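Q: Quick one, structure for this:
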Amino acid sequence: MTLRTVLLAAALAAACAASAQAQRKTAAPPVPPKPAAPTAADWRTPDPNDVVVIDTNKGRIILELVPEVAPLFSDRVRQLAREGFYDGLTFFRVIEDFMDQTGDPENRGTGGSSQPDLKAEFLFRRGPDTPFALVQDQSVAEIGFIKSVPVSTQSMMLAPMTRDGKINGYVLYCAGVAGAARGEDENSANSQFFLMRAAFPRLERRYTAFGRVIAGQEVVTAIKTGEPVPDPQDRMERVRVLSDIPEKERPKIRVIDPAGKWFKAEVARAIAAGGANFSACDIQIPVEVK
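A: Numbers count the residues shown, from 1 in each chain. Next up, the predicted model:
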């Protein structure tokens with residue numbers, strides 16, 4: 001074997017060793033196992049005044065209103081539900097892998113209630129008292145949850161520099177998120193709303209998001225599609241605020257608390273599994289309905 005051959009072999013061996021060492025350094029960490037069953041401390045009971053029970057011809061949808069991100073439209077949905085406004089209205093525009101739209105008394109997208117249109121709530125203000133559970137700290141932004149909705153906000157380090165000691169945030173349009181429909185005018189939301197069948201980030205900061213489906217997402221995706229939906233259209237047979245339902249027929253609901261240990265373990269697992277492609281939309285929030 002010539003000296004040149006020996007040198008080449010040594011160089012190749014060194015290169016292979018360096019490559020193997022680099023691979024070991026960059027290898028993705030193992031995905032943690034799914035966390036153990038949640039304990040009683042890991043659950044929260046949503047405010048019954050902030051839960052809307054939508055009984056459709058395809059099944060039941062349970063929607064949690066989150067006034068912390070959209071107080072005006074949350075109040076509007078609660079008010080109209082109590083008036084029976086939504087009872088019998090159809091899902092007139094439903095797009096696969098996008099959303100189900102309803103809430104129009106004309107069932108075609110051109111109507112609304114007798115109440116005035118509402119100011120846009122594309123952004124909300126997050127303060128120290130906002131029930132925010134951090135998922136990812138991206139330095140300039142913080143990703144987390146407020147109750148059942150995933151949100152992105154500015155870093156809380158900016159809060160001392162603002163007049164009210166708060167920072168801006170907006171809801172991430174993941175599957176199940178509920179948004180307020182509107183016309184070209186940003187301040188034209190009234191009674192119509194839509195439920196997301198899948199994530200759609202292009203809606204963020206353009207449409208008011210006011211809550212999320214916490215049970216019955218399979219019903220959302222079972223609604224008949226069409227733009228417009230051909231007859232017969234699926235419909236909301238009855239829409240009620242949970243606190244208004246008689247006690248003996250009221251469903252008992254509890255949701256995993258994003259501030260709890262179980263949720264934190266699930267977040268760690270989802271981040272490890274998703275790697276660079278992780279999204280808050282990947283996180284599933286368990287719910288129990290009895």
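Q: mind showing which ranges of this structure have poor pLDDT?
A: Low-confidence segments of the chain, defined by pLDDT under 70: 1-29, 31.
Q: try it again with 50
A: Filtered on pLDDT under 50, the chain yields the residue ranges 1-8, 11.
Q: quick one: the helices in it?
A: 3-26, 71-83, 217-220, 261-274 (DSSP state H).
Q: Just the buried residues of the third one, please?
A: The one in question is helix 217-220. Buried positions in helix 217-220, judged by neighbour count with 16 or more other C-beta atoms under 10 Å: 217, 219-220. For the C-beta atoms, the positions are set from N, CA and C on the backbone; glycine is no exception.
Q: With the last one instead?
A: Counting neighbours by 16+ other C-beta under 10 Å, one finds that the buried residues in helix 261-274 are 262-267, 269-271.
Q: Can you lay out these as a markdown table showing distance to residue 74?
A: What follows is those, written out as a markdown table (distance: C-beta to C-beta, whole Å):
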| residue | distance to residue 74 |
| --- | --- |
| 262 | 27 |
| 263 | 23 |
| 264 | 27 |
| 265 | 30 |
| 266 | 27 |
| 267 | 26 |
| 269 | 31 |
| 270 | 28 |
| 271 | 30 |
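Q: Show me which of those is closest to residue 210.
A: residue 263 (22.0 Å; C-beta to C-beta).
Q: Now that closest one: closest residue in space that isn't a chain neighbour?
A: Spatial nearest neighbour of residue 263, chain neighbours left out: residue 256 (5.5 Å); criterion: C-beta to C-beta, 6 or more residues apart in numbering.
Q: now residue 217
A: Nearest to residue 217 is residue 176, by C-beta to C-beta, 6+ apart, at 5.2 Å.
Q: Also residue 146?
A: Nearest one to residue 146, counting by C-beta to C-beta, 6+ apart, is residue 68 at 5.2 Å.
Q: Show the contacting residues for the one you found.
A: 124, 130-131, 146-147 (C-beta atoms under 8 Å, 6 or more residues apart in numbering).
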